[in-house]
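Q: after the sequence you'll find the predicted model.
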Amino acid sequence: MGPVYLDHNATTPMRREVRELLAAELDALGGNPSSVHAAGRRARAVVDGARERVAAALGVGEEECVFTSGGTEANNLALFGALRLQAPPALLVAGATEHSSVLEPARRLELEGFALRLVAPDSLGRIEAPALLAAAAEPTCRLVSVMAANNEVGSAAPVAELGAGLRALPGDRRPLLHTDATQALGRLPVDLASWGVDLASFSAHKIGGPLGVGLLVRRRGTPLAPMIMGGAQEGGLRAGTENAPALAAAALAVELAVREQPAFRTRVGAVAAKLWALLAEAIPGTRLLGPPIDAPDRLPNTLAVLLPDARPRMLVARLDLEGVAASAGSACASGSIEPSHVLLAMGCSPEQARGALRLSLGRETSPQDARHAVETLRRTWRGLAAARDDREN
Ligand code: PMP
């Protein structure tokens, strides 16, 4: 059995069709999309085509799509871009379990004099609409940011309910709503119009597109200041020569992700459920974090688990030697020994919050992969437990 990659929430391999399109675009004569000669006009047509396809797939206007370098930049642009047009101490309300590309800009804005309120999730990692709406009803609140689905434990937020709740506030008191839908796209239904969001962030490399491409959807009329200046690209909201080949490839990935989302959820959800059932049997006492496996408000591909007496960092290193790629908590934080802010916010102890193992599946993960991963995990976990018992005796 070859290696089994179970870290698709960190990044998922580029799809074959996407790679082929990217290679073809790189081979084609490329100009700067802002140049007026034929090579430039061709590149402009590629960028325009990518924007058209993304807009159609997401059900938004082409002028509402701002391409960025990734989900991180889209989140930074949403927060800084929306709030820096407001005067401190305007209030920003965000979920306590947001990705660091939301939380760190939020903390920076706090240093600049803005007020910040982080809303805690329930014990399953779900941000509840009443708690968020109560914070957002504060008259000084100007922006609410809540991720559509969490990258560490997979809990999904009731974004449509939040959008409806915010729309019920009087017009002059209605804060903008931003959602980081980076992990939700292609895995759960994403319907920006019915969600009623003003701003939404996406990342291509989480859905089989190229690294280094993201998108901020900015609904018509939403005031936003640029962070990167020096050119008229992206409607003046994000200067810099467009990466035409990568945008074309990203647009194809978005189209495929949206089209295949229902099938992804059914198929990958079934493999994830199988993996969880096998794991619960193989290592009794293992706890699944986040909503129950069959809950509709969870990412179908994400299993965050607490194994009894496990040191996940050691486990991840040993699993890697055995050809199984997993992650300890969130990939972005795994270089440090800090407990996961997501698990702490869910009420886990600091020890538990350092102890979660994340297995995130992709569109090609098979039931055999799941079986192999569980067998390897059981062997590795037992080996580590035996080594520890030897040391302690
Ligand atoms: N938001 C979430 C929820 C994520 O999981 C990630 C990726 N770890 C990002 C934002 C950042 O996206 P990117 O890697 O494209 O910068």
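A: Great, that's in hand.
Q: correct me, but residue 34 touches residue 233?
A: Yes - under the criterion of CB atoms under 8 Å, residue 34 lies in contact with residue 233, with a separation of 7.3 Å. All C-beta spots, glycine's among them, are computed from the backbone N, C-alpha and C.
Q: which one's more surrounded, these two?
A: Just comparing residue 34 and residue 233: by other CB atoms under 10 Å the higher neighbour count belongs to residue 233, 18 against 14.
Q: please report the distance of the more buried one from residue 277.
A: Going from residue 233 to residue 277 by CB to CB, to the nearest Å gives 49 Å.
Q: and for residue 25?
A: For residue 25, the distance to residue 277 equals 43 Å [CB to CB].
Q: between residue 34 and residue 233, which contacts overlap?
A: By the contact definition CB atoms under 8 Å, 6 or more residues apart in numbering, residue 34 and residue 233 are jointly contacted by residue 241.
Q: in contact with the residue nearest to residue 361 when sequence neighbours are not counted, which residues?
A: Beyond its immediate neighbours in the sequence, the residue positioned closest to residue 361 (CB to CB, 6 or more residues apart in numbering) is residue 301, lying 4.2 Å away. If you count contacts by CB under 8 Å, 6+ apart, residue 301 has them with 8-9, 154, 187, 264, 268-269, 272, 360-362, 365.
Q: could you pull out the helices for the stretch 201-350 of the chain?
A: Applying DSSP state H, counting those that start in this stretch to the stretch 201-350 of the chain gives helices spanning 244-282, 312-321, 341-345, 350-353.
Q: pick the most buried one from those helices.
A: Of the helices of the stretch 201-350 of the chain, the one with the most neighbours on average (mean count of other CB atoms under 10 Å) is helix 341-345, at a mean of 22.
Q: which strands and helices lie in contact with that helix?
A: Helices and strands touching helix 341-345, as assessed by 3 or more CB pairs under 8 Å, 6 or more residues apart in numbering; DSSP states H and E, comprise helix 350-353.
Q: mind exporting the C-alpha coordinates of stretch 302-317 to CSV?
A: Backbone C-alpha positions of stretch 302-317 (Å, rounded to 0.1, in the frame of the first residue of the first chain) are rendered in CSV as follows:
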residue,chain,number,x,y,z
THR,A,302,-12.6,16.3,8.7
LEU,A,303,-12.0,14.1,11.8
ALA,A,304,-10.4,15.7,14.8
VAL,A,305,-9.8,13.0,17.5
LEU,A,306,-8.4,12.8,21.0
LEU,A,307,-6.7,9.4,21.4
PRO,A,308,-6.2,8.2,25.0
ASP,A,309,-2.8,9.1,26.4
ALA,A,310,-1.4,10.2,23.0
ARG,A,311,1.2,12.8,22.2
PRO,A,312,0.0,13.7,18.8
ARG,A,313,3.2,15.4,17.6
MET,A,314,5.1,12.2,18.2
LEU,A,315,2.3,10.2,16.7
VAL,A,316,2.3,12.4,13.6
ALA,A,317,6.0,11.9,13.2
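Q: what's next to it, contact-wise?
A: Everything outside stretch 302-317 that qualifies as a contact, by CB under 8 Å, 6+ apart, is 9, 151-154, 183, 272, 275-276, 279, 283-290, 326-329, 334, 337, 348, 352, 354-361, 377, 380-381, 384-385, 388.
Q: among these, which are located in strands?
A: The subset of these located in strands under the criterion DSSP state E comprises 287-288, 327-328, 356-360.
Q: lowest-confidence one in those residues?
A: Looking at the ones in strands among the contacts of stretch 302-317 by pLDDT, the weakest one is residue 328, with 90.
Q: for the ligand, what are the nearby residues on this protein?
A: Taking CB under 6 Å from any ligand atom as the criterion, the neighbours of the ligand within the chain are 70-72, 75, 99, 101, 147, 151, 180, 182-183, 203, 205, 214, 332.
Q: does the closest residue in space to residue 199 that isn't next to it in sequence belong to a helix, a strand or coil?
A: With sequence-adjacent residues excluded and distances taken as CB to CB, 6+ apart, residue 199 is closest to residue 178, at 4.0 Å. Of the three states, residue 178 takes strand according to DSSP: H, G, I helix; E, B strand; the rest coil.
Q: count the residues that sit near residue 178.
A: For residue 178, the neighbour count with other CB under 10 Å is 30.
Q: how far away is it from residue 198?
A: 7 Å.
Q: repeat that for residue 53.
A: As judged by CB to CB, residue 53 and residue 198 stand 22 Å apart.
Q: of these two, who's got more company?
A: More crowded of residue 53 and residue 198, by other CB under 10 Å: residue 198, with 26 against 19.
Q: show me what contacts that one?
A: Contacts were defined as CB under 8 Å, 6+ apart; by that measure residue 198 touches 176-178, 218-219, 222.
Q: if we use 7 Å, what do you get?
A: For residue 198, the contacting residues are 176-178, 219, 222, by CB atoms under 7 Å, 6 or more residues apart in numbering.
Q: same deal with residue 253?
A: Residues in contact with residue 253 (CB under 7 Å, 6+ apart) are 15, 18, 204, 207-209.
Q: what do you get if the cut-off is 10 Å, keeping everything else the same?
A: Contacts here follow CB atoms under 10 Å, 6 or more residues apart in numbering; on that basis residue 253 touches 12, 14-15, 17-18, 21-22, 54, 57, 185-186, 204-210, 213.
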